[in-house]
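Q: just need the structure, nothing else, for what follows:
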Amino acid sequence: MRIFPLLRSAGFAALVAAICAAPARSQGINLGWDDCYQGTPAMMQTFACDSDAGPPFTLVASFVPGPEIDRVVALSAVFDLCTMPYALPDWWRVGTGDCRQGAISASFDFTSGPFSCADPWQGQAVGGVGAQVAVQGPTRLRLLVACALTAPVAVEQGTEHYAFKIHILRTNTTTCAGCLTNACLVLNEMRLTPETGGNDVFYYSPANNYYVTWQGVNQSPPCPFVVPTHTSSWGALKSLYH
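A: The predicted structure follows:
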């Protein structure tokens with residue numbers, strides 16, 4: 001059987017490329033403990049709550065862009081944390097004057113890992129996180145995350161990209177009650193701002209998974225409050241890094 005003419009044909013080369021190409025992922029957002037979805041993160045975090053020392057717990061947010069955006073200059077996101085049916089305990093109160101003031105921070109630097117997904121920022125993104133207690137009820141904590149870049153960066157359709165990390169410190173664990181309380185954490189919204197003057201691109205749905213749990217959950221189904229927020233504004237969020 002003669003195959004060499006076929007190997008030289010452009011049609012066969014295109015067929016091989018199509019077969020061997022990695023399958024595209026659905027556009028949307030992901031959330032996990034310690035890594036992006038492609039890096040097989042943990043979906044539940046547990047802690048004995050018996051020490052103030054030790055490394056922070058790290059949430060990793062990521063996104064899979066669609067064809068509507070290929071270059072990004074800014075990103076913002078909205079998290080909701082819920083301890084339903086219990087009121088938000090002191091351990092999750094991290095705002096100014098609260099029991100664990102400053103115990104949650106954001107990072108956009110993936111240059112030292114993890115490396116499972118694409119890093120569009122390459123250490124160039126600057127931003128921060130703000131906390132709002134009792135948003136939509138006494139069981140909620142909302143985190144607003146935002147970053148911007150001095151120059152636009154390219155993102156690839158169908159590829160999972162790192163967005164940011166949320167570090168949860170162990171500070172004052174033994175003095176602020178409520179660490180053992182079950183909680184759900186949901187990445188409800190992510191907004192990407194394109195390079196040119198086009199409209200911002202919003203993602204509300206998961207590419208794979210956009211919620212995780214803390215100490216397990218006592219709800220069935222878990223995280224029943226997974227709903228889009230549709231309420232944040234880029235103007236308010238960008239004040240986080242000014």
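
Q: please count neighbours and contacts with C-alpha atoms only from this point.
A: Noted.

Q: the longest strand in the protein is where?
A: Taking DSSP state E as the criterion, the chain has its longest strand at strand 140-154.

Q: who does the nearest residue to residue 80 once chain neighbours are set aside bridge with?
A: Among residues not flanking residue 80 along the chain, residue 142 sits closest, at 4.6 Å (CA to CA, 6 or more residues apart in numbering). Residue 142 has these beta-bridge partners by DSSP bridges: residue 80, residue 132.

Q: neighbours of the closest residue to residue 190 other than its chain neighbours, how many?
A: In space, and not counting its chain neighbours, residue 190 is closest to residue 77: 4.2 Å by CA to CA, 6+ apart. Neighbour count of residue 77, defined by other CA atoms under 10 Å: 26.

Q: for the one helix or strand residue 77 maps to, output the C-alpha coordinates as CSV.
A: Secondary structure assigned from DSSP states H and E places residue 77 in strand 71-82. This file holds the C-alpha atoms of strand 71-82, laid out as CSV (Å, rounded to 0.1, in the frame of the first residue of the first chain):
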residue,chain,number,x,y,z
ARG,A,71,-6.4,40.4,24.8
VAL,A,72,-7.0,41.6,28.4
VAL,A,73,-6.0,44.7,30.3
ALA,A,74,-8.0,44.2,33.6
LEU,A,75,-9.9,41.6,35.5
SER,A,76,-12.4,41.7,38.4
ALA,A,77,-14.3,39.0,40.3
VAL,A,78,-17.0,38.5,42.9
PHE,A,79,-16.8,35.7,45.6
ASP,A,80,-19.5,34.8,48.0
LEU,A,81,-18.9,32.8,51.2
CYS,A,82,-21.8,31.4,53.1
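
Q: can you check what angle separates that strand from strand 140-154?
A: Orientation of strand 71-82 against strand 140-154 (axes from the mean of the first three to the mean of the last three CA atoms, to 10 degrees) gives an angle of 170 degrees.
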